[in-house]
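> Test case, fold it:
(one chain, ligands or ions: 2)
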Amino acid sequence: MNDIIQLLPDAIANQIAAGEVVQRPASALKELMENAVDAGATMVNVLVKEGGKNLIQVIDNGKGMSMTDARMSFERHATSKIRTSEDLFAIRTFGFRGEALASIAAVAQVEMKTRLRGEELGTMLQIEGSEVKKQEPIATQEGTSIAVKNLFFNVPARRNFLKSNAVEMKHIVEEFQRVALSYPEIGFTFMQNDMELFNLSPGKLSQRIVGISGRSFQNHLVACIEDTPHLNIKGYIGKPESAKKSRGDQYFFVNNRYIKNNYLHHAVVNSYEGLMASDMHPFYVLFLDIDPSHIDINVHPTKTEIKFDDERTVYGVVRSAVKQALGAHNVVPSLNFGLDVNFNETWDNNKVQSEKVGVENAYKPDTIGPENKYKTFQSPAFKKQAVSGWEKLFESGENLNMIKEIKAHVIEDQDDVLTFSSKANEDMGKLNEGRKSGTTFQVENNYIVAQMSSGLLIIDQQAAHERILYEKYTKQLTKAAGASQQCLFPQHIQLGQSDFALVMDILDELHSLGFVIEEFGKSTILIQGVPADIYVTNEKRLFEGLIDQFKHFKSELSLDNRENLARSLARRSSIKKGNVLAASEMETIVGQLFACQNPNYGLAGNKTFVKLDLPKIQSFFTR
Ligand code: ADP
Ligand code: MG
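Numbering: from 1, shown residues only. Ligands and ions are numbered 1, 2, ... in the order given. Take a look at the predicted model:
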């Protein structure tokens, strides 16, 4: 018998695999950067020479590798990221195939320096064409540095196939930008032949976009957010007028992984219909967050394609999110970096979908739900509160006449209390048959206009709602009276040490607000409940956002913890500019605002409302 089948030597098998994984310098860079991110780095430095043909080096401050792992990492199918086939369906890391380093080392000269966090000595490893040339302990900084030199040095056919340095460089920069965009919280630098091309400090997504795409983008970005049970979307789209003739600034990320998907691209472009010429390409950076079990990323080794199990729903949600963002874009002010600590601020907010896509999504927070609408108006408690509220205002002397006038209506002329038309107001309305009936409506989904018998009120919905929630949370904090809703699934949150210390420091206050939180091992907490009246789809995100906001205010405003917490939670859970409100919600906001101790001002000292009284209106028309 002449048996002729043999297993390929590893070096050759790796070279063949490399053909798939490493097509050009840019693919090597992508793999190295993703490994750095997977390793938990907060700072990643990239060096590239001659379009990556001479050198691609990535230096990170991530967790590093032990001596054995350093050697193992170059074996094919060697990975620390999955262990079982079930893990394949819950992939949250970039890597999982364990073939990137093996492939790169098969077709280049690689030098790795790595030191495990907490170890004294690190490891240096040199590999050329899968052959280990040198391995020795060295002193090196914590984290990992991998230098890939002379890519395809041993595969001349592929080396010759590479394009000019400029073209390879373009691909490299594209890969760099994709990774940098999806991790704004990580700092990145990029050196090309000793020249610094990018220096991106950690920050918010909006800052990262501007850092990558240029200052001119700052005024053209519109936040795009959608929360549904099936998937969440967040990101920015460009205003129609910023669309370009050429493609290139379109990014989809699914669970933070860059993907190309023409179907979803169509969903975005289609939403701009009628807003820009059909040959123009709008800018977008959209992050889709979806349960990994609903996608299959195992389709292609370079992993820019994925399959959704329900692509049509995803299409619908994307379209709806973009349409809604476009609808609101007139009122979205140009990005103000001071305003939100990061994108998540508006992420947990409530929103009413502009378009039904067959997904349960719309929500009304019950703080402004119809059931307690007007309770505030009709109950004696409200009147009492209102009086004290108004009296406060008298003291401050602010808007004295106006306040007097509104007060007169609220208190003395109760039947004519801010007459809004609404179902809940029907009883009152019947009593008042024949009297003036009012309307409440939104302008640009940003301002609530309410008619009163003596003029018009124009209310900034976000400022007003923040004021309402702030006073409510302040009260809960003094009385420890916040009700909780139980999380469907308790959430573990692993915190950094300083955040953990901070949470422990304000644990009592968090409990007072309605959070049910337990310490759960080292730097980890378990969230079992959140305040009852906040709508959340993601308790973890709400909590992390709250902590971020808290830290932000702390550094900006030196507030005491309670004050800060009330403000932070109000900021995070309030209605936002651009949210569509039902009539009943508007009325409740108006009612609750004027039941506040200090309805005049928002949390930043901004006005919550202005009034156009009759004399003022008349004055517009007198000559
Ligand atoms: P994968 O990322 O698919 O697991 P790779 O070949 O890219 O496969 O990497 C193999 C293993 O080497 C990783 O699972 C990880 O444990 C380790 N590794 C690679 N790069 C780094 C790095 N920059 N820092 C720490 N560990 C790393
Ligand atoms: Mg990898």
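> How about the residues of this structure by ligand 1?
Residues of the chain lying near ligand 1 by CB under 6 Å from any ligand atom: 31, 35-36, 38-39, 60, 62-65, 73, 78-81, 95-102, 144. (Each C-beta comes from the backbone N, C-alpha and C, glycine too.)
> contacting residues around Tyr183?
Listed by CB atoms under 8 Å, 6 or more residues apart in numbering, the contact partners of Tyr183 are Val37, Asn256.
> Do you know the pLDDT at it?
The model reports Tyr183 with a pLDDT of 95.
> burial measure for Gly62, as a count.
Gly62 has 22 neighbours, counted by other CB atoms under 10 Å.
> Look up how far Val254 lies from it.
Distance of Gly62 to Val254, given as CB to CB, to the nearest Å: 23 Å.
> next one: Gln141
Distance of Gln141 to Val254, computed by CB to CB: 33 Å.
> So these two - more neighbours on which side?
Using other CB under 10 Å, the more surrounded residue of Gln141 and Val254 is Val254, with 22 against 14.
> wouldn't the more buried one be in contact with Ile295 here?
Yes - with contact defined as CB atoms under 8 Å, Val254 counts as touching Ile295 (6.4 Å).
> what touches both of the two?
Ile306.
> Mind checking which of the residues of the chain next to ligand 1 are in helices?
Among the residues of the chain next to ligand 1, the members found in helices (DSSP state H) are Glu31, Asn35, Ala36, Asp38, Ala100, Leu101, Ala102.
> State the distance spanning the first to the last residue of stretch 563-582.
30 Å (CA to CA, to the nearest Å).
> Report the buried residues of that stretch.
Residues of stretch 563-582 classed as buried: 564-582 (neighbour count, 16 or more other CB atoms under 10 Å).
> now do stretch 153-168
Buried residues in stretch 153-168, defined by neighbour count with 16+ other CB under 10 Å: Asn154, Val155, Arg158, Leu162, Asn165, Glu168.
> Report the two members of those separated by the largest distance.
Greatest spacing in the buried residues of stretch 153-168, by CB to CB: Asn154 and Asn165 (20.5 Å).
> re earlier: can I get the buried residues of stretch 153-168 in JSON lines including pLDDT, distance to ligand 2 and secondary structure?
Formatted as JSON lines, the buried residues of stretch 153-168 follow (pLDDT from 0 to 100; distance: CB to the ion, whole Å; DSSP: H, G, I helix; E, B strand; the rest coil):
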{"residue": "Asn154", "pLDDT": "92", "distance to ligand 2": "22", "secondary structure": "coil"}
{"residue": "Val155", "pLDDT": "89", "distance to ligand 2": "21", "secondary structure": "coil"}
{"residue": "Arg158", "pLDDT": "88", "distance to ligand 2": "21", "secondary structure": "helix"}
{"residue": "Leu162", "pLDDT": "92", "distance to ligand 2": "22", "secondary structure": "coil"}
{"residue": "Asn165", "pLDDT": "92", "distance to ligand 2": "26", "secondary structure": "helix"}
{"residue": "Glu168", "pLDDT": "94", "distance to ligand 2": "21", "secondary structure": "helix"}
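> Check the gap between the closest residue to Glu518 other than its chain neighbours and Asp533 for me.
Nearest non-adjacent residue to Glu518, counting by CB to CB, 6 or more residues apart in numbering: Leu526, 4.7 Å away. Shown here: Leu526 relative to Asp533, a distance of 22 Å by CB to CB.
> what does Thr313 give?
Thr313 sits 29 Å away from Asp533 when distances are taken as CB to CB.
> Same question for Ile506.
According to CB to CB, Ile506 and Asp533 sit 20 Å apart.
> quick revisit: what bridges to the residue nearest to Glu518?
Per DSSP bridges, the residues bridged to Leu526 are His492, Glu518.
> Can you get me a residue count around Glu305?
With other CB under 10 Å as criterion, Glu305 counts 12.
> That one: what secondary structure?
With DSSP: H, G, I helix; E, B strand; the rest coil as the basis, Glu305 sits in coil.
> List phi and psi for it.
Main-chain dihedrals, Glu305, degrees, to the nearest 10: phi -110, psi 140.
> cool, and Asp227?
Here Asp227 shows phi and psi, under degrees, to the nearest 10, equal to phi -120, psi 120.
> Please read off the pLDDT at the closest residue in space to it that isn't next to it in sequence from the model.
Counting by CB to CB, 6+ apart, Thr537 is the residue found nearest to Asp227 once chain neighbours are left out, at 5.1 Å. pLDDT for Thr537: 73.
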